[in-house]
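Chemist: Structure for this input, please:
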Amino acid sequence: MSVIAVTGATGYIGGRLVPLLLEQGHSVRILTRSAAKLRDIPWHRDVGIVEGNLEDPAAAAALCDGADVVYYLIHSMGGTGDFERTERSCALTLGAAAREAGVGRIVYLSGLHPEGNLSRHLSSRTEVGRILQASGVPVAILQAGLVIGSGSASFEMVRHLTDVLPVMPAPRWVRNRIQPIAVRDALHYLVSAAALPPEASGAFDIGGPDVLTYAEMMRIYADVAGLRRPLVLALPVLTPWLAAQWVNLVTPIPRSLAVPLVESLQYDCVVRDRRIDALVPPPAGGPTGYRRSVELALAKIEAETVETTWATAHPVTAPADPLPSDPDWAGRTVFTDVRTKESGAGPERVWKVVEGIGGENGWYSMPLAWAVRGLMDKLGGGVGLRRGRRSRSALHLNDVVDWWRVEEIVPGRLLRLRAEMKVPGKAWLEMEVLPADGGSLFRQRAIFFPRGLAGRLYWLAVLPFHGSIFSSMAHRITAAAESQGEQ
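Modeler: Numbers count the residues shown, from 1 in each chain. Sure thing, here's the model as predicted:
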């Protein structure tokens, strides 16, 4: 078996590829910014870990050392600012490290695209492919269309647009032809690419069996989900920028991710050649059609067996430092709101409510206020309150919960959430469950480190609402735990 290095291993595709490579007996090494954040990933003890990023030549060299194959699974989806420079730098660094280490093959997942002018994000992805090919290492570039699977950004965009809008005003690109691929089929080609012969180099299109318009994809989704088919109205006045704002507003997809997704839909993106068929046999049972892909995705969501999601994999802000310990607050401006509530319910029942907070279960206080704050965040380009959760009942380190991210979790005792909405400072919400005589003690703490005058004014502005929101949360969380014992 081979030694395989994977970049983007904690992303939507990478998080599903790594366990498949391990199942085949390969030795897998991954690159991550923080090994500690892998703690709750089932396979983290089975891989070698290199801490760092691809702009660091030393980290790239350590990743590639002794590797037979390197997977390049990072890209600029959601990138802002000068993401092209960052992507160029990462590709050059990885290519040089792979060449120096004598790597036998690089596998790069790119996107289907037509010839001619492309969007910034698609242009950057094609440039990465050219840079990797120029490294002198054999490179297989797998060019995929929209990836359809539970938790994928493409699927979530289709799902929420169809679920929410019986009538959808849309730009003309809803009539463009696209060729989606099931995530299981994309993974099939990625796994198989590790065994390609050295002479099999270049770009290879991969796609599912169906060529559809985006409007047709929405209608098929509606059929599978048991919904009324939406009426899709193609309006020439909706520019890609306006369409991205619309997607940002009515789906959980943030603006930073909606823009590249919408831009990629401006073109007919279909498989133009099937050279891959001569090198890789089709998936067992044949390629998965779009309708079947939707059925499988919805079944995984219902069964709460979603392995990875775009939300967990897609950072909306720069990597944040964890909440400093209380003694480190000395001399710093910090605002807190602390609530405690005794409960007759045992710690395990209170914890069950805490671990299920957010998503469909809500926040146990003033839902309209939370909805308004989420809408304000969406209008400002933030993530809003509709990212939901990967599972309705269980949480793990680094999971997303609406506009929060799980920064720390001690099962049965502590949940700390870090805010990812747009706010002038850094915010956390911490919930702790402690045993007490005859029941438990619930402790809830909101923590805010303001940034400048704007941060201080923000805290003062929301302070009147905190009195009701946080008090109600503590009361209703414990009440919900107590009611479980009465059922």
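Chemist: use CA for all of it now, contacts and neighbours both
Modeler: Will do.
Chemist: for the protein, which helix is longest?
Modeler: Using DSSP state H to define each element, the chain has its longest helix at helix 452-486.
Chemist: How much space separates the residue nearest to L73 when sequence neighbours are not counted from H44?
Modeler: Excluding the flanking residues, the one nearest L73 by CA to CA, 6 or more residues apart in numbering is G8, at 5.0 Å. Per CA to CA, to the nearest Å, G8 is found 14 Å from H44.
Chemist: go on, L463?
Modeler: Note on L463: its distance to H44, by CA to CA, is 41 Å.
Chemist: Please apply the same query to G344.
Modeler: For G344, the distance to H44 - CA to CA - is 38 Å.
Chemist: Same drill for L463 and H44, tell me which one is more crowded.
Modeler: H44 (17 against 13; other CA atoms under 10 Å).
Chemist: separation between that one and G15?
Modeler: Taking CA to CA, one finds H44 at 10 Å from G15.
Chemist: Off-centre distance for the longest helix of the chain?
Modeler: Here the centre of helix 452-486 is set off from its chain's centre by 28 Å, with CA atoms, centre = their mean, to the nearest Å.
Chemist: what packs against it?
Modeler: strand 335-343, helix 347-355, strand 439-450 (3 or more CA pairs under 8 Å, 6 or more residues apart in numbering; DSSP states H and E).
Chemist: Of all the ones you listed, which one comes closest to L231?
Modeler: Evaluated over the helices and strands packed on helix 452-486, closeness to L231 peaks at helix 347-355, with 38.4 Å, by CA to CA.
Chemist: Give me the contacts around the closest one.
Modeler: In this structure, residues lying in contact with helix 347-355 by CA atoms under 8 Å, 6 or more residues apart in numbering are 393-395, 412-413, 415, 431, 433-435, 439-442, 477-478, 480-482, 484-485.
Chemist: Low-confidence regions, the protein specifically.
Modeler: Residue ranges of the chain with pLDDT under 70: 76-81, 237-238, 314-321, 330, 485-487.
Chemist: Domain map for it?
Modeler: As assigned by automatic domain parsing, the chain contains the domains 3-308, 326-486.
Chemist: End to end on the first one, go ahead and measure it.
Modeler: Pointing back at domain 3-308 there. 24 Å.
Chemist: Stretch 51-62 now?
Modeler: Using CA to CA, the two ends of stretch 51-62 sit 9 Å apart.
Chemist: just how off-centre is it within its chain?
Modeler: Distance, centroid of stretch 51-62 to centroid of chain: 23 Å (CA atoms, centre = their mean).
Chemist: Just the buried residues of it, please?
Modeler: Within stretch 51-62, the residues scored as buried using 16 or more other CA atoms under 10 Å are 52-55, 57, 59-62.
Chemist: same thing with stretch 206-225?
Modeler: Of the residues in stretch 206-225, those buried (16+ other CA under 10 Å) are 206-222, 225.
Chemist: Among those residues, which lie within strands?
Modeler: By the criterion of DSSP state E, membership of the buried residues of stretch 206-225 in strands covers 206, 212-213.
Chemist: So which residues of this protein form helices?
Modeler: Counting by DSSP H, the helices of the chain are 14-23, 57-64, 83-101, 120-133, 153-164, 183-193, 214-225, 240-250, 255-264, 290-303, 310-313, 347-355, 367-379, 452-486.
Chemist: So which elements touch the first one?
Modeler: With contacts defined as 3+ CA pairs under 8 Å, 6+ apart, the packing partners of helix 14-23 are strand 27-32, helix 183-193.
Chemist: still on that earlier bit, the residue nearest to L73 and L31 touch, don't they?
Modeler: Yes - contact criterion CA atoms under 8 Å: G8 and L31 qualify, at 7.3 Å.
Chemist: re the thing from before, flag every buried residue along the longest helix of the chain.
Modeler: 455-456, 459, 469-482.
Chemist: got the angle for that helix vs helix 367-379?
Modeler: 140 degrees (axes from the mean of the first three to the mean of the last three CA atoms, to 10 degrees).
Chemist: First-to-last residue distance for stretch 32-50?
Modeler: One end of stretch 32-50 to the other measures 6 Å (CA to CA).
Chemist: any residues touching it, and which ones?
Modeler: Stretch 32-50 has contacts (CA under 8 Å, 6+ apart) with 7-10, 19, 22, 27-31, 51-53, 59, 62-63, 396-398.
Chemist: now with 6 Å?
Modeler: 28-31, 51-52, 396-397 (CA atoms under 6 Å, 6 or more residues apart in numbering).
Chemist: Check stretch 393-412 too.
Modeler: Outside stretch 393-412, the residues that reach it (CA under 6 Å, 6+ apart) are 40, 312, 351, 356, 384-389, 415-421.
Chemist: Give me the distance from it to the chain's centre.
Modeler: That offset, for stretch 393-412, works out to 14 Å (CA atoms, centre = their mean).
Chemist: Also stretch 115-135?
Modeler: For stretch 115-135, the distance to the chain centre is 23 Å (CA atoms, centre = their mean).
Chemist: Could you do stretch 104-115 as well?
Modeler: The mean C-alpha position of stretch 104-115 is separated from the chain mean by 21 Å, CA atoms, centre = their mean.
Chemist: Kindly check the end-to-end length of it for me.
Modeler: Across stretch 104-115, first to last residue, CA to CA, it's 29 Å.
Chemist: give the contact list for the spatially most central residue of the chain.
Modeler: By CA atoms, centre = their mean, the mean C-alpha position of the chain lies nearest to W310, the distance being 2.2 Å. W310 makes contacts with 12, 151-153, as judged by CA under 6 Å, 6+ apart.
Chemist: And for G358, nearest residue in space, chain neighbours not counted?
Modeler: V401 (6.0 Å).
Chemist: Mind listing what's buried along stretch 2-9?
Modeler: 2-9.
Chemist: Pick out the most distant pair among those residues.
Modeler: S2 and G8 (18.8 Å).
Chemist: Relative to L379, how far out is R373?
Modeler: According to CA to CA, R373 and L379 sit 10 Å apart.
Chemist: go on, L227?
Modeler: 28 Å.
Chemist: Comparing the two, which residue is more hemmed in?
Modeler: Per other CA under 10 Å, whichever of L227 and L379 has more neighbours is L379, with 17 against 14.
Chemist: With adjacent residues omitted, what lies nearest to that one?
Modeler: Per CA to CA, 6+ apart, closest to L379 is L249, 6.8 Å.
Chemist: Who are the contact partners of the closest residue to A182 other than its chain neighbours?
Modeler: Nearest residue to A182 in three dimensions, chain neighbours excluded: I148, at 4.8 Å (CA to CA, 6+ apart). Shown in contact with I148 (CA under 6 Å, 6+ apart): 155, 181-183.
Chemist: before we move on, the earlier item: so the residue nearest to L73 is in contact with Y71, correct?
Modeler: No - the pair G8 and Y71 fails to qualify as a contact (CA atoms under 6 Å) at a distance of 8.3 Å.
Chemist: Touching, R172 and L233? I think so.
Modeler: No - with contact defined as CA under 6 Å, R172 does not count as touching L233 (8.7 Å).
Chemist: Can you pick out the residue with more neighbours from those two?
Modeler: Counted by other CA under 10 Å, R172 and L233 do not tie: R172 has more neighbours, with 17 against 14.
Chemist: how far away is that one from C64?
Modeler: Going from R172 to C64 by CA to CA gives 44 Å.
Chemist: swap in T288?
Modeler: Distance from T288 to C64, counting by CA to CA: 34 Å.
Chemist: And the two? Which one has more around it.
Modeler: Taking neighbours as other CA under 10 Å, T288 and C64 compare with C64 leading, 28 against 22.
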